[in-house]
Structures are given as C-alpha cells and as structure tokens.
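Student: below are the sequence and a predicted model for it; my questions follow.
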Amino acid sequence: MSKKSLLFCASEVYPFAKTGGLADVAHALPRALSESYNIQVVLPLYASIDRDKYSIISLKNSFNITLNTKPYEVELYGCKYEGVEYLFIYSALLCERDFLYGTPSQGYEDNALRFAIFNHAIVELLKQKEYAFAHLNDWQSALTPLLIKHAKNIETKTLFTIHNLAYQGVFAYEELFNIGVNSSYFNIDALEFYGKVNFMKAGIAYADAVTTVSPSYAKEILTPAFGCGLEGFLTHHNNKLRGILNGLDTEHFNPNKDKLIEQTFTNLTQKLENKKAYLKEAKLKGIKKPLFAFIGRFTHQKGIDLLIEVLESLALESCNIVILGDGEEKYQTQVEAISQKHTNIHFEFKYNEPLSHRIYASSDFLLMPSLFEPCGLNQMIAMSYGALPIVHSVGGLKDSVQNYKRFNAESPKGYGLAFKTPNADSFLKVLKEALKLYGSKKEYNVLVKHNMLCDFSWSQSAQLYKKLYEEL
Ligand code: ADP
C-alpha cells in the first residue's frame, strides 16, 4: 500500500534556520514519521539559508499570490537532506531579511503580510498535489486551516500545533486587508482579538485537531495564568485539543556520537574529560566542584529574573556556574555585572550551538527555572548528557522531570530536582539540596546513570501523532 502524503509546515527547521525549539521539532518529528508517511517539510527560503551547502535547487515552479490587489511572486525550491524531502518557499518580501521574525527587541512591521504569503503558498502546494494531512506549527502557519476552509477542492485534514502560546501573531486591524482573508472572519469566533487580528486563533478555530507540546501545558493554557488571553477560546475548542510531549533528535543529541564535544561518552569517567576540557576553556577552577549550567533565551519566560536573584548566593557556594544565552539586553547587563564579581561564574552572551553541546557534556546540573514551559528540550538534552536538571515544575518540565526523592529504578522517565513555587526562596532551597546531593556522590551517580539510559527519542510521541492523524 502506498503511504499517505503529509505536508509538515514550519517557519523554522534545523539545520536551515533556527531560533528555538520549534526548529528542533520540525527537524526531528518528520524524520520519526517518515517510515509511515510520504513526508515533505516546507519552510521559507530565508536569505540566511546557504543554498549551496544544502544543494537547494529551483523546482521551476512559480506562481503569484495577490494580496490587497498587489501580486507577490513565489518560487519553489527543494532539496533532500539526510533522507528527508524539503520544499522552500521563496518570495522576496518574506525572505530577504537579516532575521527570521525581527530584531531581538522587535518583530518586523510587515510580519502579517510576510507570513500571509507563506500561508497562501502552502495552500497553493495543497492544490498542486493531494496531501492527506497538513501539519501546521505556531502562528506563522496558523492561517492555513482557515484558508483551506475557503478554498475549493482541498480535502487535506489539518493538525495545528501550538509550540508557545506567548507568541500568537497579533497585528493591527488594518492588516486584515493585507492577508487575503475575507473580512467576515473578523469576528470573535475567528480572527478578532481585542480589536486586532490574531493568526493563532485561526489555527485553533479551523484546524481539525489542535495539539500542544506537553500534556501539562495543554491543561495549563486553559487557565488565565497561562492562557495569554486565549484560555476561554481554547476551553471552547478543548474537545479537539491534546498534549503530546516533544522528543529529542537522538542522532543529533547523543553523547556517544556527538562530534561537537571533546570526548564522546557513555559513562561518567569519560564525561569527566569533557568537564576538564571545558573548565580549562572557560578558565574555571575545581574539577571536583559541581558545575551548574544555564542555556537558553534571555526572556522573562525562561525565569531569568529568578536566576539573577539567586545567582550571587549560589556563587558563594563551592561550585562553578556557566551561563550561555542571548536575548534581552537588560538581562545581559545584570548577569554581566554579577559574573564580573565572581571568578566562578562564566558568562557568554551569544547563540552558539557547538558551545551548548560542550556545556551539556560538561555540567553536573542544568538550571531551568522557567516561569512557563510548553515543553522544553534542554532538560531532556541535559538528562541524556549526564547533567541533572533543576526545574520549576511546570508544563513540559513537570511531564519530563520526576522528583529524585521518589526515585524508582524501573521508571522509564528521567529524574531531577524540582521546585513548585517560582520564587527565589524555593529555587535557592532546591539549589542547596543539589549541592548536598552532589556531596553524596553515590546517590547522584545512580540518578545520572539512570537518566542517561532513558529513551528521550521521538519514537513514542511520533506514534501518538500518527494515531491522531489517522483519527482525523
Ligand atoms: P525555546 O524554544 O523556548 O527557546 P527549548 O527548550 O524548546 O526552548 O529549545 C531550546 C533549544 O535551543 C535547545 O536545543 C537549546 O540547547 C538551544 N539553545 C538555547 N539557547 C542557546 C544558546 N544561547 N546557544 C546555543 N543553543 C541554545
């Protein structure tokens, strides 16, 4: 029997373009599904994507999309990379930019139009070839389910995944006339959001199924504390909402195969070689001291404020701390000021993938005090690389990190330290526990070894997605 076709649509896909976890998911999930489906992954061909490196070629397929009486030329490109087929949408207005969505402080002013072009181009692909399913991701491709409802002769079933509800693609009312959507959709059941246009709402309202990236986050977003204003709307559509935990690309994040680290490893003696090399690189001293790491975007979501609050107290303990991140400048300034005062803190304000791998491979604990976390990948990477995660128990962190105090060697899940209330006192308390745990090396090692043997791959979650597509 021939496989059904699936078009996986995302605004960023590793290794072509990445700003966060979505790119990792859009890279790994299609691979995990490719045994069951005939998959194509589609993304914009941003100017930053190296066409030669990935042998991206023109498919000699171009068409115009007319929005607000203006035609925008779209050209399709394609490549095959590590066995997966990729389609790229090129339109000058969408692609010729320095950043994907905007500078770190501000999104581009014409993002509504840019990503409307992306969505209309996806619909064109669905017209050109019969796809059983289209999997849309986040606000950048959320208009597609609505556009399909309006188009004739498209039978494709749609699944829309919310990776982060904090980014909804909300634009001024006037944009309604630029995005090629009938203005009758400007109502409370569709695009309208406090007088503005909300792309995410279109995905939620019109997709055949909606998922988010962990079961806990699926529940949390129905509440005012996490719903970002859409809790009522999501509750209304709750019957088609489900949470499926993300997995890791275990080819890319595999300490036994990782070419980006000093020494590949399967045990803690080998891991120590990485710690030795990294401490030297970061000019930190004390191989016997625990190394705490933070890797992530400098935004409120990631609990940077909490980290800053506890940083000095932690630095006064016998340990080393490494912080790798980029994002908001105000956080950079604060972290820099503290790290300059303490020789045991090493701070790098940048985005650097190879460096992040070296840090995962070297650290003993990974700090993840996120205020909310749809899924989070760092904690899973940390567990596979033998670093115990210290997390605020929320969203995907709650679903993937079990409290070490309830350790059960038979459990297929990983362990770490967790705190329930997101304040400095609770965070500090658990940091102190971590120091104590590191002191009783035997218990610490049992936990780390258990985590390193856990399966964080996509295999289980891909089956859940498959089941969901088939239910459609
Ligand atoms: P989010 O998508 O909210 O940023 P996730 O935990 O889902 O968070 O994914 C973050 C991904 O980005 C992980 O692979 C993490 O290692 C990586 N990452 C985050 N910040 C940096 C950085 N400054 N340098 C390198 N990699 C980073």
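Tutor: Sure thing, it's come through.
Student: any idea how far the ligand is from residue 372?
Tutor: According to C-beta to the nearest ligand atom, to the nearest Å, residue 372 stands 10 Å off from the ligand. Placement of C-beta: from N, CA and C, glycine included.
Student: doesn't that residue lie inside a strand?
Tutor: No - Residue 372 is assigned coil when assessed by DSSP: H, G, I helix; E, B strand; the rest coil, not a strand.
Student: that one contacts residue 395, correct?
Tutor: Yes - between residue 372 and residue 395 there is a contact at 5.8 Å, judged by C-beta atoms under 8 Å.
Student: what touches both of those two?
Tutor: With contacts taken as C-beta atoms under 8 Å, 6 or more residues apart in numbering, residue 372 and residue 395 have 217, 220, 226 as neighbours in common.
Student: neighbour-wise, which of these leads?
Tutor: residue 217 (27 neighbours; other C-beta atoms under 10 Å).
Student: helix, strand, or coil at that one?
Tutor: Going by three-state DSSP: residue 217 is helix.
Student: for it, give me its contacts.
Tutor: Shown in contact with residue 217 (C-beta under 8 Å, 6+ apart): 226, 243, 372, 373, 374, 375, 395, 396.
Student: which non-adjacent residue is nearest it?
Tutor: residue 395 (4.1 Å; C-beta to C-beta, 6 or more residues apart in numbering).
Student: check residue 272 too.
Tutor: Here the residue nearest residue 272, using C-beta to C-beta, 6+ apart, is residue 287, at 7.3 Å.
Student: separation between that neighbour and the ligand?
Tutor: Using C-beta to the nearest ligand atom, residue 287 is found at 24 Å from the ligand.
Student: was I right about that residue contacting residue 275?
Tutor: Yes - counting by C-beta under 8 Å, residue 287 touches residue 275, with 6.3 Å between them.
Student: for the helix or strand that contains residue 274, give the mean pLDDT please.
Tutor: Here residue 274, judged by DSSP states H and E, is contained in helix 268-281. Mean pLDDT, helix 268-281: 98.
Student: could you dump it to PDB, C-alpha only?
Tutor: C-alpha atoms of helix 268-281 as PDB (Å, rounded to 0.1, in the frame of the first residue of the first chain):
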ATOM      1  CA  LEU A 268      30.800   9.300  33.900                       C
ATOM      2  CA  THR A 269      34.600   8.700  33.700                       C
ATOM      3  CA  GLN A 270      34.500   9.700  30.000                       C
ATOM      4  CA  LYS A 271      32.200  12.600  30.800                       C
ATOM      5  CA  LEU A 272      34.800  13.900  33.200                       C
ATOM      6  CA  GLU A 273      37.200  14.500  30.200                       C
ATOM      7  CA  ASN A 274      34.600  16.900  28.800                       C
ATOM      8  CA  LYS A 275      34.300  18.800  32.100                       C
ATOM      9  CA  LYS A 276      38.100  19.000  32.400                       C
ATOM     10  CA  ALA A 277      38.400  20.500  28.900                       C
ATOM     11  CA  TYR A 278      35.500  22.900  29.300                       C
ATOM     12  CA  LEU A 279      36.700  24.200  32.700                       C
ATOM     13  CA  LYS A 280      40.000  25.000  31.000                       C
ATOM     14  CA  GLU A 281      38.300  26.700  28.100                       C
END
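Student: which secondary structure elements does the helix or strand following that helix contact?
Tutor: For helix 268-281, the following helix or strand on the C-terminal side (DSSP H and E) is strand 291-298. The contact analysis (3 or more C-beta pairs under 8 Å, 6 or more residues apart in numbering; DSSP states H and E) places strand 291-298 against helix 268-281, helix 304-315, strand 320-327, helix 329-341, helix 353-362, strand 365-368, helix 378-384.
Student: partners of strand 291-298, with directions?
Tutor: strand 320-327 (parallel), strand 365-368 (parallel) (DSSP bridges).
Student: mind putting these into a markdown table with mean neighbour count, distance to residue 401 and mean pLDDT?
Tutor: Converted to a markdown table, the strands paired with strand 291-298 look like this (neighbours: other C-beta atoms under 10 Å; distance: least, C-beta to C-beta, whole Å; pLDDT from 0 to 100):
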| stretch | mean neighbour count | distance to residue 401 | mean pLDDT |
| --- | --- | --- | --- |
| strand 320-327 | 22 | 20 | 96 |
| strand 365-368 | 27 | 8 | 98 |
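Student: quick one: which of those is nearest the ligand?
Tutor: strand 320-327 (4.7 Å; C-beta to the nearest ligand atom).
Student: tabulate the contacts of residue 217 (CSV), appending pLDDT.
Tutor: Shown next, in CSV, are those (pLDDT from 0 to 100):
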residue, pLDDT
226, 97
243, 98
372, 97
373, 97
374, 97
375, 97
395, 98
396, 98
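Student: who wins on neighbours among those?
Tutor: Neighbour max across the contacts of residue 217 (other C-beta under 10 Å) = residue 373, 31 neighbours.
Student: that one against residue 396, yeah?
Tutor: Yes - the pair formed by residue 373 and residue 396 meets the contact definition of C-beta under 8 Å, at 5.4 Å.
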